Each structure stands twice: as C-alpha cells, then as structure tokens.
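> this is a predicted model, with the sequence first.
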Amino acid sequence: MDPELTILTINAMAVAFIHTVIGPDHYLPFIVMSKARGWSWARTTWITVGCGLGHVASSIVLGLAGFAVGAALTHLEWIESFRGEVAAWLLIIFGALYAAWGLWRMKKSGPDGHTHDHMIRLHAHDHVHDPKTGKEISLTPWILFVIFFFGPCEPLIPFFIYPAATESMAGAWLVAIAFGGVTLISMTALVLLGRWGLSWLPAGRLARYNHVLAGATIAVAGCTIQFLGL
C-alpha cells in the first residue's frame, strides 16, 4: 500500500473515533431508547448498526455523486452542513414529542406506575401493522434510521474525495470502509456500554419516567448538535 494512503487511512480511523465519541447523537438516542422500550441486547445492537450504516452510507453516496459531477468540496460540505441541521432538528422534534407522549402516558397510569387503561400499552402509537401479515412493525427504529440517514459524516467527505482524485477509487473505498468500520464499532461499543451502565440504576419509581427521560435526552442531544456544534 502506498505510504501516503496508509497515513490517510490511519488518520481517517482516528478522526472517525473522535467524531463518534464527541458526538452524543451517535449513541445517546440508542442508549435511552433501548432502556425505555426494553430492547434486548441483540435488538439494540442491530438497530445501532443499521442506523450507523445509513449514517455512513449516505455521506459516501454524496461523496461519490460529488466526485462524479466534479462538485467542489466546499459545495459538498455545505450540503453536509444542511443535512446536519435537518438531522439535529429531527432529533429535537422526535425527542420532544416522545417526552410529551411519555408525560401523557404517565397521566393515564395509576400511582404504582402501571397502566390501567388497556388501550394504552408500552408500544402504543409506536407501531403499524403489516397489511399482508398483520404483524406489528415498530416505528421507533425506522424513525431513528431516517434521522441518522440525514445525519452527515462531515469528516468523511474530504477523506473520501482526496484519494479518489489523487490515488484511485480503490484507495477511496479503503479509506471509506476504514472510517465507516471504526464509526460502527465505536457507536456500538458506546451504546452497549451505556446500556449496561443504565442497567445498574435502581428501577423502582424511576422506571415510570423512562419514556419522558428518554425523549428529553434525545431532544437535548439534538440541541447540543444544533446549538453547540458538537
């Protein structure tokens, strides 16, 4: 492998790790939703990986399209910035609505925290039915996927464009795969570690506020992206 490409790949992996760790939107939504909705470890992992793939793949597609039409890097970065704002606002709106639903659900619950209205359940308003099989399809993972598909991997674009323009497309793909791989591994590790940490918190009355806290956390994560630029 060309030494320059090797250094570029290593740098891309380092940036991917840092980008993931300092961006709370990469892991907080999955941690709190996994806790609130009672996802299994396997389900939490697959949802995180799926959303992470959409997160990385959308930026790769944008990089490919920009390289194909000869778009300037500044133009691509503007598009990524716009996508970032859309994703941040989607997180804020989704989190706020989910917290509001959590508050509404609490009002329908008894003092022991259990819902006595049989029309209000844990997964109420969170699924649709498959028109063919009638099976329930949870909407929350798909909402998160859409948000993360819009969410950009800003650092990936220059790492992808540079080798495509100076080395080869094979080099560009190598850098993209390295960046994406580290991003997915970092996201999954942080989510599972955070979920494990939450499992040690005492349940009791706190469980009654799971949905409210989850929605508020997601909204705050969106605010840190939109207003603090994390």
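Here it is on my side, so go on.
> which parts of this structure are helices?
3-21, 28-37, 41-69, 73-107, 140-150, 156-166, 169-198, 210-228 (DSSP state H).
> number of nearby residues for G38?
The number of residues packed near G38 is 11, by other CB atoms under 10 Å. From N, CA and C alone the C-beta is placed, and that goes for glycine too.
> who's in contact with the residue nearest to L198 when sequence neighbours are not counted?
Take L198 and drop its neighbours on the chain: the residue closest to it by CB to CB, 6 or more residues apart in numbering is K35, 4.8 Å away. Neighbouring residues of K35 by CB atoms under 8 Å, 6 or more residues apart in numbering: 195, 198-199, 210, 214.
> and the pLDDT for K35?
On the pLDDT scale, K35 is placed at 90.
> now do the contacts for T45.
With CB under 8 Å, 6+ apart, T45 has these contacts: 188, 191-192.
> ok, the closest residue to V182 other than its chain neighbours to F179 distance?
Nearest residue to V182 in three dimensions, chain neighbours excluded: A16, at 4.0 Å (CB to CB, 6+ apart). Per CB to CB, to the nearest Å, A16 is found 5 Å from F179.
> shared neighbours of the two, anything?
What both A16 and F179 touch, as defined by CB under 8 Å, 6+ apart, is the set 155-156.
> thinking F145 is in contact with H55, fair?
No: counting by CB atoms under 8 Å, F145 does not reach H55; the two are 9.0 Å apart.
> looking at these two, which has the bigger crowd around it?
The residue with more neighbours, out of F145 and H55, is H55; 26 against 17, by other CB under 10 Å.
> what about the residue nearest to the more buried one when sequence neighbours are not counted, neighbour count?
With CB to CB, 6+ apart as the criterion, H55 has its nearest non-adjacent residue at 4.3 Å, and that residue is F148. As a burial measure, F148 scores 26 neighbours (other CB under 10 Å).
> residues in contact with F148?
Contacts of F148 (CB under 8 Å, 6+ apart): 51-52, 54-55, 87.
> switch to 6 Å and redo it
51, 54-55 (CB atoms under 6 Å, 6 or more residues apart in numbering).
> quick one: the residues you listed as a markdown table, columns for pLDDT too.
Shown next, in a markdown table, are the contacts of F148 (pLDDT from 0 to 100):
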| residue | pLDDT |
| --- | --- |
| C51 | 94 |
| G54 | 91 |
| H55 | 90 |
